[in-house]
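[1] quick one, structure for this:
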Amino acid sequence: MSLSIDDIEALFSQRGHEQYSGEPVSQLEHALQCASLAEKDGASDAMVCAALLHDLGHLLHDLGESPSLKGVDDLHQFRALPWLRASFSTEVLDPIALHVDAKRYLCATRKSYYEALSEDSKRSLVLQGGVFTAEQCDAFMKRPGADEAIRLRIWDDLAKQANCPTQPLAYFLARAKRCLRH
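    Sure thing, here's the model as predicted:
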């Protein structure tokens, strides 16, 4: 069970047009904007790749539009990992796995963060376990990839702008190729 770069491209081609829950962008637009923000921030290839692929789990199953409206946590942060593990290192995978917990952490540690979340992100936060306690914040920050997951989360939250120009998917897949395990 593994996704190649060609498989990832096909998945975005087949399902990337779908609406990103409750946001004015598609799944593909969100992924491209997130990768663009990472690149503009001077992130490594691994982090740009993580930004591109962080929500791939949404495309690997079909729970319909806005599963959070139905009270469903789709666990998308974990769904793609088995498919990506053979191709990418922990530098790519850890931020993907932790980007939901990074939201929980940021809600606990930055007062204005929660208010800036979209309605769908607030709904999913509850389903994902809610705002971290102080103990959970401490445990999160001790995990490998926590700092990178926080960076990814911030790009994730900003990558929801309608009609935002980005490089095409092929451009970012070329960067992802540089992260492949050999």
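[2] where does pLDDT dip in the chain?
    Across the chain, the ranges flagged by pLDDT under 70 are 1, 62-78, 182.
[3] try it again at 80.
    1, 20-22, 61-78, 182 (pLDDT under 80).
[4] look up the closest residue to the residue nearest to the spatial centre of it, ignoring the ones flanking it.
    For the chain, the residue sitting closest to the mean C-alpha position, by CA atoms, centre = their mean, is residue 54 at 2.9 Å. In space, residue 54 comes closest to residue 96 once its chain neighbours are excluded; the distance is 4.9 Å by CB to CB, 6 or more residues apart in numbering. Any C-beta I mention is one placed from the backbone N, CA and C, and that applies to glycine too.
[5] so what does the host helix or strand of that neighbour touch, helix or strand wise?
    Using DSSP states H and E, residue 96 sits in helix 90-109. Applying 3 or more CB pairs under 8 Å, 6 or more residues apart in numbering; DSSP states H and E, we find helix 90-109 packed against helix 45-53, helix 76-79, helix 81-84, helix 111-116, helix 119-127, helix 134-141, helix 146-158.
[6] tell me which of the ones you listed is the most buried.
    helix 45-53 (a mean of 27; mean count of other CB atoms under 10 Å).
[7] put the alpha carbons of that helix into CSV.
    C-alpha atoms of helix 45-53 as CSV (Å, rounded to 0.1, in the frame of the first residue of the first chain):
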residue,chain,number,x,y,z
ASP,A,45,11.4,20.7,0.3
ALA,A,46,10.1,18.3,3.0
MET,A,47,8.0,21.0,4.6
VAL,A,48,6.6,22.2,1.2
CYS,A,49,5.8,18.6,0.5
ALA,A,50,4.1,18.2,3.9
ALA,A,51,2.1,21.4,3.2
LEU,A,52,1.0,20.0,-0.2
LEU,A,53,0.0,16.6,1.1
